[in-house]
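S.K.: Here's my sequence, what's the structure:
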Amino acid sequence: MNKIIYLFFILLIAACTQPPMYYWEDYSKTLYKYKKDLTLEMLDKHKIELLKIIEKSEKKDVRVPPGVHAELGYIFLIEGQKDQAIIHLKKEKLIYPESTKFIDDFTQNIEGENQDEN
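M.R.: Here you go, the predicted structure:
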């Protein structure tokens, strides 16, 4: 019986020491600051944070957290950089295939706007 209890605690401790699945850096902090102060300066700071998250996730060899590429794509769209927006939306879809329907619809809307402008 004691061996089972010890084994249980060893497994519990081992499960708690797993490395994090994602690297979030200061995402919550910069998003909160942007939501409190909806300025281009705060949006740019949040964009820089998203780029940092992507860079450091790649260095740490962990997946970019869900939604980061999509959010960055949306920011690029706001800034009028539609090509960059589509690149990041497609990266989101590649990493998280469950986002395919949303990303495809969003991308179609962006590309449709491009055709309407021409």
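S.K.: Spatially central residue in the protein, please.
M.R.: The centroid of the chain falls nearest to Val68 when counting by C-alpha atoms, centre = their mean (1.6 Å).
S.K.: ok, now which ones touch the nearest residue to Val62 once chain neighbours are set aside?
M.R.: When the adjacent residues along the chain are set aside, Val62 lies closest to Tyr23, with 5.5 Å between them (C-beta to C-beta, 6 or more residues apart in numbering). C-beta here means a position set from N, CA and C on the backbone, and glycine is covered the same way. By C-beta atoms under 8 Å, 6 or more residues apart in numbering, Tyr23 lies in contact with 53, 56-57, 60, 62, 65.
S.K.: just the buried members of those?
M.R.: Those of those that meet the buried threshold are 53, 57, 65, by 16 or more other C-beta atoms under 10 Å.
S.K.: And the second one, how far from Leu51?
M.R.: When distance is defined by C-beta to C-beta, to the nearest Å, Ser57 is 11 Å away from Leu51.
S.K.: one step back: assess the claim that the residue nearest to the centre of the chain and Leu51 are in contact.
M.R.: No - Val68 lies out of contact with Leu51 (C-beta atoms under 8 Å); the separation is 9.4 Å.
S.K.: Tell me where this structure has helices.
M.R.: For the chain, the helices defined by DSSP state H occupy 2-16, 27-36, 40-60, 68-78, 82-95, 100-117.
S.K.: For the shortest one, which helices and strands make contact with it?
M.R.: Read it as helix 27-36. Packing partners of helix 27-36 (3 or more C-beta pairs under 8 Å, 6 or more residues apart in numbering; DSSP states H and E): helix 40-60.
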